[in-house]
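K.L.:
generate a structure from the sequence data that follows.
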Amino acid sequence: MVSRTALGLAALGTAAALALAACSPPAAPTAGQPTDGIVLADAADLGGYNPVAGYGELGVSPLYDGLLTLHSDNPDTLPTFKPALATALPTHNDDFTVWEVPLRTGVTFHDGSTFDAADVVATYEAVLDPASASEIASAFDMVNRVTTSTTATGESVTFTLNYPYADFPARMLLAIAPSEKLTGGPASESSLNREPVGTGPFTLAELSADKAVFTANADYWNGAPKVASLTTVHVPDDNTRAMRVKAGEFDGTSIPPALASAFTNAQGYTVVSARSADWRGVSLPADSTFTRDARVRIALNHAVNRQAMLDTVLVGRGTLAYTPVSPVYGDAFDPNATFSFDQARARQLLDEAGWVPGPDGVRSKGADRASFPLAYNPSDTVRRDLAAAFAADLKQIGVEVKLEALGWDKIEPRIGSLGVLLGGGDKPYSIDTQVHAALHTPMAGTAVWDNPGRFGTPAMDAALDRARKTADGPTRAALYREVQTHYLTEPSYVFLVFVDHTYVARDSGWQRGPLTIEPHAHGVSWGPWWNLASWTR
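P.N.:
Below you'll find the predicted structure:
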């Protein structure tokens, strides 16, 4: 069954696609092309190139390298790690509290200075320094200290952790900056935001409010890229980006699924979908009497037609989500951890919990109404449409969802009283990061966006804590399946879908290599261009 709202959203998506298709055909490459430069339309603001503020945190950046980087052989499975500024994968002690990694020699930063162990120490210390106010500091709270040593074969760095952490190699993707540029103070005010200095395959040659130009680093330690330049142009509006790509102005862009469909048969372009562990779902308000009842949260999970949302809002580009554990996690994913679409069951659960329909069709329990506001960021059309479909489905079971289009600065102060259409999966290369913050009962220092409903259970917390200390293998996978079993009895969200990130790329003759599983963050640093430095003819 597809809700009337979902059908309406499908019609809107079709209308947008038809309007796009009516634009002029794509400009064919000039004779003698493809050229050695790439020009892309980017929705994200330009600048902000400071690793301490989170730029290049996941090992994908034209400007920087981490100790490790991603390696993908299969776009449907999680990438592995390979050495970048390290010369080998890290080693650890028996309880995963000490990690050592040997460093590459002969590497220089873009300013000509030499990379060494002091730069690694300074970068990690800057992230952890409260004065930096780094938005990614909580992801590194397991780090107690970083020290260096020198052997006959060169320098190495040792990380000593506050607690056992089996997934620590995922934290070695962090981009490394020169120690001389890490001068303290807020990360948002660092010169690295607009004058980045890394060891990466490209250097920043030009930056304005609407354009950034990166040129190939001829002295790159892993060989100069074959792509001579990358230009990104800031075009924030989805429809405008699509039309300008269609008109032949750009070699590609990231684009919502419904708009991407208009390029399916466009000559000279390819629509590319990258799998992700990037979920969309609804967090439920902590301060609501209605949503504090676990039976209610189970009912809401049964009430939503996830398949209709996938088919209409995402045009089939994604997978259904019931927990934050995506099928990309292999044996740790429990295919039985689902909620059926069963509105009769949802109504029964609400009846049993004492929430009965009122004269206006909205349920109540004493003086309390089965009603809550749901906020979404209006600049994100996918979140907007998912929020509308969610509200329409809940109306069918007597639950009132009042939609509010709000910026994040307006949502955060009201987080306790709002449901929020959230996205997650920002660090998917560690399953611990994917699930621990989202599902664990909040503790001191927990970020406001981590489990904003503040729900959790002791049994689930215990399984999450054990899993993060356990080496990858059958025991760890079983613990994460146990987490999903616990979640079915005390859900804290209504997870909806994992989104495939969609891109449009000009057919340019470059050999791009495989895609990779993507994080929540995407855009033109990802998709077909995530491995730009390794492209060949």
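
K.L.:
so where's this protein uncertain?
P.N.:
Along the chain, segments meeting pLDDT under 70 span 1-35, 445.

K.L.:
just the helices in it please.
P.N.:
Using DSSP state H, the helices of the chain run over 4-21, 117-128, 238-246, 257-260, 294-303, 306-312, 343-352, 381-395, 408-411, 431-439, 458-468, 474-489.

K.L.:
dump those helices into CSV; add distance to residue 186 and mean neighbour count as well.
P.N.:
C-betas here are computed from N, CA, C, even on glycine. Formatted as CSV, those follow (distance: least, C-beta to C-beta, whole Å; neighbours: other C-beta atoms under 10 Å):
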stretch, distance to residue 186, mean neighbour count
helix 4-21, 40, 16
helix 117-128, 11, 22
helix 238-246, 31, 21
helix 257-260, 37, 25
helix 294-303, 38, 22
helix 306-312, 39, 22
helix 343-352, 47, 18
helix 381-395, 29, 23
helix 408-411, 18, 13
helix 431-439, 23, 24
helix 458-468, 30, 18
helix 474-489, 36, 19
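
K.L.:
now render those helices as a markdown table, adding distance to residue 74.
P.N.:
Below are the helices of the chain laid out as a markdown table (distance: least, C-beta to C-beta, whole Å):
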| stretch | distance to residue 74 |
| --- | --- |
| helix 4-21 | 30 |
| helix 117-128 | 30 |
| helix 238-246 | 28 |
| helix 257-260 | 22 |
| helix 294-303 | 31 |
| helix 306-312 | 23 |
| helix 343-352 | 38 |
| helix 381-395 | 26 |
| helix 408-411 | 35 |
| helix 431-439 | 17 |
| helix 458-468 | 24 |
| helix 474-489 | 19 |
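
K.L.:
and those helices: which comes nearest residue 515?
P.N.:
Within the helices of the chain, the stretch nearest residue 515 is helix 257-260; the backing value is 14.7 Å (C-beta to C-beta).

K.L.:
how far does that closest one sit from its chain's centre?
P.N.:
Relative to the centre of its chain, helix 257-260 is centred 19 Å away, using C-alpha atoms, centre = their mean, to the nearest Å.

K.L.:
do the same with stretch 343-355
P.N.:
Computed by C-alpha atoms, centre = their mean, the chain-centroid distance of stretch 343-355 equals 34 Å.

K.L.:
who touches it?
P.N.:
Stretch 343-355 is contacted by residues 290, 293, 295-296, 298-300, 302-303, 363-365, 370, 393, 396-399 when judged by C-beta atoms under 8 Å, 6 or more residues apart in numbering.

K.L.:
cool, and stretch 88-99?
P.N.:
Contact with stretch 88-99 is made by 67-68, 81-83, 100-102, 158-161, 163-166, 168-169, 172, 469, 471, as judged by C-beta under 8 Å, 6+ apart.

K.L.:
distance of the nearest residue to residue 193 once chain neighbours are set aside relative to residue 56?
P.N.:
Distances taken as C-beta to C-beta, 6 or more residues apart in numbering place residue 50 nearest to residue 193, at 4.7 Å, with adjacent residues excluded. Distance, residue 50 to residue 56, using C-beta to C-beta, to the nearest Å: 9 Å.

K.L.:
again, but for residue 112
P.N.:
Look at residue 112 and residue 56: by C-beta to C-beta, they are 20 Å apart.

K.L.:
quick one: which of those two has more around it?
P.N.:
residue 56 (25 against 8; other C-beta atoms under 10 Å).

K.L.:
now that one: how far from residue 42?
P.N.:
Distance of residue 56 to residue 42, computed by C-beta to C-beta: 16 Å.

K.L.:
what is the burial count for the residue nearest to residue 193?
P.N.:
Neighbours of residue 50 under the rule other C-beta under 10 Å: 27.
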